[in-house]
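> no FASTA, just this:
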């Protein structure tokens, strides 16, 4: 009976996927959702590829998953993946349905599944990834994730014993996960252009994870990312196996040291978070036994996914769109940091309100006070537009960050925002947007671009 | 005049540090002092401390904070009875109660207020909160793993209009003990509620408008109208 239920779910999901594809409705979530509704243990029953890579963590998992898929595909390996869809159980189910035969066997040898860290309990024990890459663990939506220590404990309880971990040695939270599992670690050395003393409002590892005494950072990059030790009990950040020792801004390459041997890799972007992403992908592939030379060759053609970062020159201006993730203070702070370190006079358009809360509830705006809006209090940031229903809250946050009132504009309707951008005072416009506002951000950028063209 | 931030390394999970930051902006003449783990709390030795703040923390952090604070319980009680203003937000308000139970494990609280708390890491309660105090309405947010049962003598802080109180079915949220306000509401409570802040400033002897009062009031009123809208779901 249970087997029958599984087949019914599989075939139903396949049929649903087919219909949605014919209707050009995407279908990256619904078929899997249907399968899980009909057969709640569907993920435990459906065939998985011989080798399954899981990619999880707070920030960077989509970028790293896409990078891995691009590299593996360039080698003709054709992995099953959820790169076009959801990273929760329904997304994984949809991907596995698409790769399954009518009998439920997986027709692909390799899989790359992005896995939502909050869904660890529903994904890890049933999918049993052979390799699990954890990019980092930061604060995220308090409603879903509570706090990083909670997410770490959730992951810890659900990582299978046999899973090989690829971990960020510079993140004291995720690098401490499942200490009995085998692991390969990566780290980024301090780079010449980095300021060693970045102050962030959020710093989630201030006490020793072992004894609770204050930790000392030998180097702190941002938030809790860096190298730390405890003078009291001797705990320290783990030694990396793969170490990014330099990055060259002119050639766009990073040099990675492993066992006293170095290798250069081209990277799609030299922003520090993208260096971590590229290094994570390299480390995972090297730990699986792929050659450094072949990985380097494949990385020559990589680019950052267009939904994350877009840039164009229009007349005398540069127009940049960057995904900042609403409710995620760290992702926003990274973006604010990028803005302030970009030379020239800038206007910044913030499109960060949560889409779902706007429709049905009222967004918990506490995260605004975790995000480093203070970085926008910079002489070269000449204007900040707070756009959306929460514009008054964002305006107040900017004022408390020290941004002068004459630079701030609260704009409730997004369609009014392009007309409010002060093009005369700036050389560059940044549009920072929440994940689910990609289309709205595109429209906004198009309208600002139009004004630039006409000017 | 000094404002004390108790264990900021533990109690700043949800933008809560903004409470003291805002108060400091409202009271530029005051000095903010941070008490870290291992330090003697400033309230225990410095009579210039007029305001004490503690914010929400991880579950492990609650245990660490309790052990750090326990030796100072009687001094804290004496200062509170003497009128020290204090704000304990999120689950840090549980520290002052009798106990925090999580399955089979029980953390003994400081026992300053008659409150017992229960934690359940499998269930997180999220909601916006609309409440009434005597002279103003409160707008804020809840996001927590625990609930608390008040003892009979516990003085309530806010009457629930929308959202969850101290525990499901409880008609009030938070508690008061002299000039101490303990509340599950978290985040930048003082920024979100300029009328509460104005009252606090007056009680601290600074009868003035809070910083950026006009903008804060505008944001508060906009939030208030959303929270009153019955079509808007709590979470």
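Sure, I can see it. Everything numeric in this text was worked out from a predicted model, so none of it was measured.

> now residue A:98: how far from residue A:32?
9 Å (Cβ to Cβ, to the nearest Å). Bear in mind the C-beta positions are built from the backbone N, C-alpha and C, glycine included.

> and those two? which has more neighbours close in?
residue A:32 (31 against 22; other Cβ atoms under 10 Å in any protein chain shown).

> Now the more buried one: which helix or strand?
For residue A:32, the host element (DSSP states H and E) is helix A:30-38.

> Sort out which residues of that helix are buried, please.
By 16 or more other Cβ atoms under 10 Å in any protein chain shown, the buried positions in helix A:30-38 come out as A:30-36, A:38.

> Can you name the residues of chain A that neighbour chain B?
A:139, A:142-143, A:146-147, A:149-150, A:201-202, A:206-207, A:212-214, A:329, A:360-362, A:364-370, A:392-393, A:395-396, A:399-400 (Cβ under 8 Å from any Cβ of the partner chain).

> Could you rerun that using 7 Å?
A:142-143, A:146-147, A:149, A:201, A:206-207, A:212, A:214, A:360-362, A:364, A:366-370, A:392-393, A:395-396, A:399-400 (Cβ under 7 Å from any Cβ of the partner chain).

> For ChimeraX, write a command that selects the buried ones of these.
Paste this into ChimeraX to select the buried members of these, with burial taken from 16+ other Cβ under 10 Å:
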select /A:142,143,146,147,149,201,206,207,212,361,362,364,366,367,368,369,370,392,393,395,396,399,400
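
> From the residues of chain A next to chain B, which land in helices?
A:142-143, A:149, A:360, A:392-393, A:395-396, A:399-400 (DSSP state H).

> Go ahead and name everything in contact with stretch A:415-428.
For stretch A:415-428, contacts defined as Cβ atoms under 7 Å, 6 or more residues apart in numbering or on different chains pick out A:316-318, A:320, A:342, A:344-347, A:349, A:382-383, A:385, A:387, A:409, A:411, A:429, A:444, A:447-448, A:451-452, A:455.

> Revised request: answer the last question for stretch B:42-58.
A:147, A:149, B:1-7, B:10-14, B:16-17, B:19-20, B:23, B:33, B:35, B:65, B:72, B:75-76, B:79, B:84-92, B:186, B:204.

> ditto for stretch B:21-30
So stretch B:21-30 is contacted by A:400, B:1-3, B:32, B:51, B:188, B:190-191, B:197, B:201, B:206, B:210-211 (Cβ under 7 Å, 6+ apart).

> Torsion angles phi and psi at residue A:11?
phi -70, psi -40 (degrees, to the nearest 10).

> Residue A:345 versus the closest residue to residue A:33 other than its chain neighbours, what's the distance?
Nearest residue to residue A:33, sequence neighbours excluded (Cβ to Cβ, 6 or more residues apart in numbering or on different chains): residue A:90, at 4.1 Å. From residue A:90 across to residue A:345, the span is 45 Å (Cβ to Cβ).

> ditto for residue A:89
Separation of residue A:89 from residue A:345 (Cβ to Cβ) stands at 47 Å.

> Comparing these two, which residue is more hemmed in?
Between residue A:89 and residue A:345, counted using other Cβ under 10 Å, residue A:89 has the larger neighbour count: 23 against 14.

> Was I right to think the more buried one contacts residue A:33?
No - using Cβ atoms under 7 Å, residue A:89 makes no contact with residue A:33, being 8.6 Å away.

> Quick one: the helices in chain B, in order.
Using DSSP H, helices in chain B cover B:17-26, B:59-69, B:73-81, B:189-192, B:194-203, B:213-228.

> any idea of the pLDDT on residue A:1?
Predicted confidence (pLDDT) at residue A:1: the value is 75.

> what's the answer for residue A:27, then?
So, for residue A:27, pLDDT stands at 70.

> How about residue A:306?
So residue A:306 comes in at 62 (pLDDT).

> and what of residue A:50?
97.

> Likewise for residue A:17?
Taking residue A:17 on its own, its pLDDT is 87.

> Take the buried residues of helix A:30-38 and write them to JSON lines, including pLDDT.
Shown next, in JSON lines, are these (pLDDT from 0 to 100):
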{"residue": "A:30", "pLDDT": "87"}
{"residue": "A:31", "pLDDT": "91"}
{"residue": "A:32", "pLDDT": "91"}
{"residue": "A:33", "pLDDT": "92"}
{"residue": "A:34", "pLDDT": "92"}
{"residue": "A:35", "pLDDT": "92"}
{"residue": "A:36", "pLDDT": "94"}
{"residue": "A:38", "pLDDT": "94"}
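
> Go through the residues you listed and say which is closest to chain B.
Chain B has its nearest neighbour among these in residue A:36, at 20.0 Å by Cβ to the nearest Cβ.

> List the residues that contact the closest one.
Contacts of residue A:36 (Cβ under 7 Å, 6+ apart): A:42, A:89-90, A:93.

> repeat for residue B:96
Contacts of residue B:96 (Cβ under 7 Å, 6+ apart): B:88, B:109-110, B:112-113, B:182.

> Weed out the non-buried ones from these.
Buried among these by 16+ other Cβ under 10 Å: B:88, B:109-110, B:112-113, B:182.

> pLDDT weak spots in chain B?
Along chain B, no part satisfies pLDDT under 70.

> wait, the stretch 151-300 of chain A
For the stretch 151-300 of chain A, the ranges with pLDDT under 70 are A:196-198.

> Pick out the residue of it closest to chain B.
Closest point on the stretch 151-300 of chain A to chain B, by Cβ to the nearest Cβ, is residue A:206, at 3.9 Å.

> Which stretches in the stretch 301-450 of chain A count as strands?
Taking DSSP state E, counting those that start in this stretch, the strands of the stretch 301-450 of chain A run over residues A:309-314, A:317-323, A:346-351, A:381-387, A:408-411, A:428-433.

> Mean pLDDT for those strands - can I get that in CSV?
Putting the strands of the stretch 301-450 of chain A into CSV (pLDDT from 0 to 100) gives the following:
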stretch, mean pLDDT
strand A:309-314, 91
strand A:317-323, 95
strand A:346-351, 98
strand A:381-387, 98
strand A:408-411, 98
strand A:428-433, 97
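
> Who does the residue nearest the centre of chain B form a beta bridge with?
Centroid-nearest residue in chain B, with Cα atoms, centre = their mean: residue B:89, separated by 2.4 Å. Note on residue B:89: beta-bridge partners by DSSP bridges are residue B:183.

> What residues does the nearest residue to residue A:409 once chain neighbours are set aside make contact with?
Nearest residue to residue A:409, sequence neighbours excluded (Cβ to Cβ, 6+ apart): residue A:385, at 5.0 Å. The contact partners of residue A:385, by Cβ under 7 Å, 6+ apart, come to A:349-350, A:409, A:411, A:417, A:420-421.
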